[in-house]
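Asks: Show me how the following folds:
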Amino acid sequence: MAVGAKQLPKDSYIIPAELAIKAMRDSGYRNTAYALAELIDNSVQATASVVELICNEEMIQIGERRRRRVKSIGVLDNGTGMAPDLLRHALQFGYGTHLDDRSGIGRFGIGLPNASISQGRRVDVWTWQRGPANAVRCFLDVDEIEAGSMQMIPEPVLDPVPAEWRSLSVGLGTTGTLVVWSKFDEERLTWKGAKHTLENTGMLVGRIYRKFIADGSLRLRLCAAEGGQVVKEQDAQVNDPLYLSAPSATPAPFDTTAMFQKFGERDEEFHIEFGGKTHVVHVRASWATPATLPADGTDRGSKDYGKHAAKNIGVSIVRAGRELDLDPSWTNSYDPRERWWGLEVEFPPELDEIFGVTNNKQAATTFSHMVNFEWQTEAEPNESYVDFKRRLTEEGDHRVPLIEIVRYIEKTLSTLRNAIADQGKGRRGPGKRHDDTNVEDRASTKFKERADAGHTAPSDAEVFTDAAQDQLVEDLVKEKKYEEDVAKDIAAAVLLRRRKVIFVEAASDMDAFFAVESKPGGVTEIVFNRSHPAYDLLIKTLDADTTQATEKDLVNRIVNASDTIKMLFAAWARQELEDVPNRERIRRMRQDWGRMARDFLTDERED
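Replies: Residues are numbered from 1 along each chain as shown. Predicted coordinates:
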C-alpha cells in the first residue's frame, strides 16, 4: 500500500487476512512428517547433500504431571542458500523460483509458508551464502497476521544463525538454510514428543527420498535435543516399498539383503506424447523371495520383517525420484498377503498435468482415481475400445495416456497375487500336517466307510506306493504350483496317515468352482479354483491369517462366508429351474448329494 493511502476497513477486503491465514493453515498436509517433507524438498532443490531435522523438547506441566513436548523443530541444510530478496519471496504464498521449472522435485512455490504455518504459529528462516555468521533472517507470525500488525513480509535482517542450532548441527556449511518452526498449537502437531516425531518422520522420509539416500546424494540426519544437548540421533535409512534395496531399514535378516525379487526382466516403459515431447513412464514390480517363508512353517506375516512390510502396502507413485504417495487403493485391504508385492510408477515432472499432481506433492489424483476405471462403463453404445480411446483423445481427456498403464498394472497385480498365493499355500506349523487330525483325515475316513459298506469306487483298491508319492509331488509342483518342500510334506502326510482325500488349490480358466481329480495310489484331489469368485469370498476369507484380525474383521468374514454359501445354493436353484429337460435328474442328484453330505457331516461317535 502506498504511503498516505487510506486504510480500508476490514469488512471491505475480499478475503480478510485472518480468514485467509486460517484457510492456508488448513492446507491438507496428512501429518507433521508430510509437512516436513516439503522443507526437505526445498533443500534437495537447493542441491543440499546434508539435511538435518532437529527436534527441541522441553518439560512442561500438563495437569498433575510433567511431560515432554516439542518446543521447536528446525530443518537445516548445506544447500546453496538464498539472497535476501529471494528469502523474502520464499515466504510469500504462491511465489516460487521453480514455477516453470520441470527439472527437479520443486515447482509449486507454496511449500515453505504453507507447510510451516500448518504446524506452528511462527516460522523463522535463516539463510547464508558466506558462512552462518553472515546469515540473514526473515519470518512469518500467525498471531501478528491475525492481529493485522503483519501485512507485508518483513525485510530480511542480518542475524547470525543462533548458537543453539549451530551446536546441534553436524553438517553446517558455508552456504545453507535453517527453517525453524515454533509456537505450536497442541492439536496441530501429529506427535507431541521428539521421539515419536522423529521415528514416524524417519520412516516416511526414508521412503519418500529412498532413491536419493540409496545413491548417496542425500544424508537425512534426525536429531532429538533437550536443553541444547543431543539426546538421540540417527540417519534416515532407505525404506523401499519394493524391498529391492540393501542395506535398508527392513528388519533382519533383510536389512543387508533384498527381501523381494524383481518381477520381469526389466522395467515396463510407456511413452507419452505431451507438450510436444515424448516422456517415459517406468513401471517396476517385485514380490517376496522364498527366503521370507520361515523354515519352521510359521506365518511370515508375524515376523518383524512381515510387520514392516504391512506398513508399506500400495502402489508407489514417484515423481522425479521423489515419492508422492504410497497409494493403498490398488490393494485388497482384507488380504494380509498384499504386503508381499511391490509396484512403482515413476514419471517426470513434465507429466504433472497428466497424473494430476497436487500442489503439496502428496498425491497424483488423476492416476489414483484410475484404480476404478472401466472403459466399458464410459463407452457409448456399441463403441469399441479403439473408438472409445479415439473419442477421449479428441475430447482432450488427460486420462488417455494412463489407460494402458492401468491395464498393465491390473494384469501384473493379478499375476503377482497368484504367484504369492502359490508361494505360501499349503504351509503349516511344524508337525501339524503329520500329527493333527484335520478335515482331510475326516474325509478319508468317510471314503473308507463308504467302500466298506459296498459303495466302491475304482480308486478304493489302489495302494499309495513310493512311485505314487513321487507322482503326487510332481503334480503338486508342476500343475498346482506348490513349492517343492510343501508338496513333499503333503505327499508324506498322505503316506503316513493313509489319506484318500486332499484339498488343494490352483488357478483355472474353467467355470467350475472346484474339480475332482483321481491320482495314482487312490488319492482324490479336490482342487479349488482360485480364479473363481467363490474362492476369494469363501475359502480364502475363512482360511486367511487371523493373527492380526480384529473381532470386527472376524465377524465380517463369517457373515460374508455365510452369505456366499447362500448365494451358491441360490445359483444351484436357478440352474435347476432353468434346465427344464433335466430338472428331475438334477433333483435326484440333489437328493443323493444331500444324503451323502448328511453321511459325511455326521460323526460316527454321535450314532
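Asks: How about I21: what's its closest non-neighbour residue?
Replies: Excluding its sequence neighbours, the residue lying closest to I21 (Cβ to Cβ, 6 or more residues apart in numbering) is I145, at 5.0 Å. C-beta here means a position set from N, CA and C on the backbone, and glycine is covered the same way.
Asks: Tell me the secondary structure at the one you found.
Replies: Counting by DSSP: H, G, I helix; E, B strand; the rest coil, the backbone at I145 sits in helix.
Asks: how close does it get to T190?
Replies: Going from I145 to T190 by Cβ to Cβ, to the nearest Å gives 23 Å.
Asks: All the strands of the stretch 201-350 of the chain, in order from the start?
Replies: Listed in chain order, the strands of the stretch 201-350 of the chain (DSSP state E, counting those that start in this stretch) span 219-226, 229-235, 260-274, 277-288, 315-319, 322-327, 341-347.
Asks: Of those strands, which stretch is the most buried?
Replies: Compared across those, strand 341-347 shows the largest average neighbour count, a mean of 24 (mean count of other Cβ atoms under 10 Å).
Asks: Within the sheet, what are the partner strands of that strand, with directions?
Replies: Next to strand 341-347 in the sheet, as set by DSSP bridges, lie strand 277-288 (antiparallel), strand 315-319 (parallel).
Asks: where do the strands sit along the stretch 401-550 of the chain?
Replies: Assigned by DSSP E, counting those that start in this stretch, the stretch 401-550 of the chain shows strands spanning 501-506, 514-519, 523-529.
Asks: and of those, who's closest to Y34?
Replies: Evaluated with Cβ to Cβ, the strands of the stretch 401-550 of the chain place strand 501-506 nearest to Y34, the distance being 40.8 Å.
Asks: CA-only coordinates of that closest one in PDB, if you can.
Replies: Provided in PDB are the C-alpha atoms of strand 501-506 (Å, rounded to 0.1, in the frame of the first residue of the first chain):
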ATOM      1  CA  VAL A 501      -8.600 -87.200   0.100                       C
ATOM      2  CA  ILE A 502      -6.600 -84.000   0.000                       C
ATOM      3  CA  PHE A 503      -7.800 -80.400  -0.600                       C
ATOM      4  CA  VAL A 504      -5.600 -78.300  -2.800                       C
ATOM      5  CA  GLU A 505      -5.900 -75.100  -4.900                       C
ATOM      6  CA  ALA A 506      -4.900 -73.900  -8.300                       C
END
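Asks: Dump the strands of the stretch 401-550 of the chain into JSON lines; add mean neighbour count as well.
Replies: Converted to JSON lines, the strands of the stretch 401-550 of the chain look like this (neighbours: other Cβ atoms under 10 Å):
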{"stretch": "strand 501-506", "mean neighbour count": "20"}
{"stretch": "strand 514-519", "mean neighbour count": "15"}
{"stretch": "strand 523-529", "mean neighbour count": "20"}
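Asks: Pipe the strands of the stretch 201-350 of the chain into CSV and attach distance to L76 and mean pLDDT per row.
Replies: As requested, the strands of the stretch 201-350 of the chain are exported to CSV (distance: least, Cβ to Cβ, whole Å; pLDDT from 0 to 100):
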stretch, distance to L76, mean pLDDT
strand 219-226, 9, 97
strand 229-235, 13, 95
strand 260-274, 35, 95
strand 277-288, 33, 97
strand 315-319, 25, 97
strand 322-327, 20, 96
strand 341-347, 29, 98
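Asks: Can you give the domain ranges for this protein?
Replies: The chain breaks down by automatic domain parsing into domains covering 13-234, 260-424, 427-531, 533-607.
Asks: which residues of the chain score low on pLDDT?
Replies: Residue ranges of the chain with pLDDT under 70: 1-19, 27, 94-110, 334, 426-436, 544-549, 604-607.
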